[in-house]
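Peer 1: based on what follows, work out the 3D shape:
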Amino acid sequence: MTSSADRREESLAIIQAMAHQLLEVLEEETRCLAERDHGALLAILPQKEALARRLSESLRPWAQAIREGHREPDENREVWTDLKETLRHIEARNEANGRYIEELIQIHEELLSLLVPHTYGHGAQKSLPAVKGYGISTEA
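Peer 2: Here you go, the predicted model:
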């Protein structure tokens, strides 16, 4: 029969393995972004989301116990420390990838705004200045 400590240790090891796997996926995402491999990026997105969701759900009981005043597990201090460090790396890598994607989107939006002036399309009526005595018809 396994003890409660053994189950917690096993649970912590599984969580640690998931965290390392998620970090590897994020590093792959970084590589795909750098190489502009959008197909591979789209392919790993479901895996990234699933791993992040599973990791979050697995950490919830541990986080709740710590919030309730229980100490971090003494029996596996090294594993726990490694897990926290891995989680910090995950957060940093995910934020860096997110910033890169946001900047890339902003660049594309600016490029599109240069290529497609605001005088075309649905916003044309609002973007043309009103000059007294002159009018511009936007109908074709």
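Peer 1: going forward, measure contacts and count neighbours with C-alpha atoms only.
Peer 2: Will do.
Peer 1: list the contacts of L33.
Peer 2: Residues counted as contacts of L33 (C-alpha atoms under 8 Å, 6 or more residues apart in numbering) are 41, 97.
Peer 1: next: V116.
Peer 2: Contacts of V116 (C-alpha under 8 Å, 6+ apart): none.
Peer 1: correct me if wrong: T86 contacts L23.
Peer 2: Yes: judged on C-alpha atoms under 8 Å, T86 makes contact with L23 at a distance of 7.5 Å.
Peer 1: more neighbours, those two?
Peer 2: L23 (22 against 17; other C-alpha atoms under 10 Å).
Peer 1: state the distance from the closest residue to that one other than its chain neighbours to I107.
Peer 2: Nearest residue to L23 in three dimensions, chain neighbours excluded: I90, at 5.5 Å (C-alpha to C-alpha, 6 or more residues apart in numbering). From I90 over to I107 the distance is 26 Å, taken as C-alpha to C-alpha, to the nearest Å.
Peer 1: more neighbours: which of the two?
Peer 2: Taking other C-alpha under 10 Å, I90 and I107 do not tie; I90 has more neighbours (21 against 12).
Peer 1: correct me, but that one touches V25?
Peer 2: No: here I90 lies out of contact with V25, judged by C-alpha under 8 Å, at a distance of 9.7 Å.
Peer 1: what's around E109, how many residues?
Peer 2: 12.
Peer 1: make 790 the starting number, not 1.
Peer 2: Okay, residue one is now 790; in that scheme the one you just asked about reads as E898.
Peer 1: which elements pack onto the helix or strand harbouring it?
Peer 2: Assigned by DSSP states H and E, E898 belongs to helix 866-904. Packed against helix 866-904, as judged by 3 or more C-alpha pairs under 8 Å, 6 or more residues apart in numbering; DSSP states H and E, are the following elements: helix 793-824.
Peer 1: what mean pLDDT does whichever helix or strand comes after the helix it packs on get?
Peer 2: Downstream of helix 793-824, the next assigned helix or strand under DSSP H and E is helix 827-856. Here helix 827-856 scores 90 as its mean pLDDT.
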